Structure formats: C-alpha cells, structure tokens
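Visitor: Starting from these lines, generate the structure:
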Amino acid sequence: MSVIVGYMSSERGRAALELGLEEARLRDTDLVVIHSLHGAGVDDDEDVVASDRELETIDEMLSKEGINYSIHNFVRGNSPADDIVQAAADYDGRLIVIGLRQRTSAGKFLLGSNAHEILMNAPCPVLTIRV
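Guide: Predicted structure coming up:
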C-alpha cells in the first residue's frame, strides 16, 4: 500500500508533498512521489536537469523523515495525469494527493485538465489541497 503524490515544482506541488507525507505517516504506509514531464518540448534537457536537482533535494528531505519512500521522474510523453493514475495502479496506491491552484469565481466551475483526469480515472480516493 502507498500514498501517491503528484509533484510539480510549485507551491501546489510542495503543499501536496507535505500533505502526502502526513498521510503516509498517519496510514503507516509508503510514500511514492511522481513527477511527470511530457518530454516533447524544446527545453526538455533543461527541464529534466532542473527537476532532477529539485527531486534530489526532496530525496534528502524525505531520507530524514523515517518513512519508506520512492521518487519517480517520468519523461515518457504521457500526461502527468496518466503517469499519476498508472503509478497508483503500479504501486498499490490507497490514496493520491494532488495540489490545486486557487481559482477565480468563473474558474471554480472547471478544474485543470490533469486534476479532472486524475479525479475521473483514479483507482483510489484522491485528496486535494488548494493553494
């Protein structure tokens, strides 16, 4: 069993990571951090290097937390939603944690496409944190 965190390099991603860590502790289960890049842009190499550096920092932080964890940085052309939903299936996910951005009144009627796709296709409950 594991808690899956959809991580991105942003305030939303950091909030999701903190909440996911808390949930993994409460559930006494593994934490699986998923970072996903589409892998089709011009700046792929720079994006991958920057995300690798950030994920190394997260690895250092999590190594001090005393929990079982793994970090995965996917660059394989899938959408982040597809990678997160697949990770929940692959790693026996019992909970997915994602961050949502603050929306305007009109924006509240619509979720981001990744968030919507995760909510509609997740094989387990999804916990969101709004930032």
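Visitor: Any buried residues in the lowest-mean-pLDDT helix or strand in the chain, and which?
Guide: Least confident helix or strand of the chain, by mean pLDDT, DSSP states H and E, is helix 44-63 with a mean of 84. Of all the residues in helix 44-63, those buried under the rule 16 or more other CB atoms under 10 Å are Asp47, Ser51, Glu54, Leu55, Ile58, Leu62. The C-beta positions use only the backbone N, C-alpha and C, and glycine is treated the same way.
Visitor: Mind putting those residues into CSV with distance to Asp90?
Guide: Below are these laid out as CSV (distance: CB to CB, whole Å):
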residue, distance to Asp90
Asp47, 23
Ser51, 20
Glu54, 23
Leu55, 18
Ile58, 20
Leu62, 19
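Visitor: farthest pair in those residues?
Guide: Farthest apart among the buried residues of helix 44-63 by CB to CB are Asp47 and Leu62. That separation is 21.8 Å.
Visitor: And the pLDDT for Asn114?
Guide: Asn114 carries a pLDDT value of 88.
Visitor: pretty sure it contacts Ala81?
Guide: Yes - using CB atoms under 8 Å, Asn114 is in contact with Ala81, at 4.3 Å.
Visitor: Among these two, which residue is more densely surrounded?
Guide: Per other CB atoms under 10 Å, whichever of Asn114 and Ala81 has more neighbours is Ala81, with 22 against 19.
Visitor: Pull the contacting residues for that one.
Guide: Going by CB atoms under 8 Å, 6 or more residues apart in numbering, Ala81 touches Ser113, Asn114, Ala115, Glu117, Ile118, Asn121.
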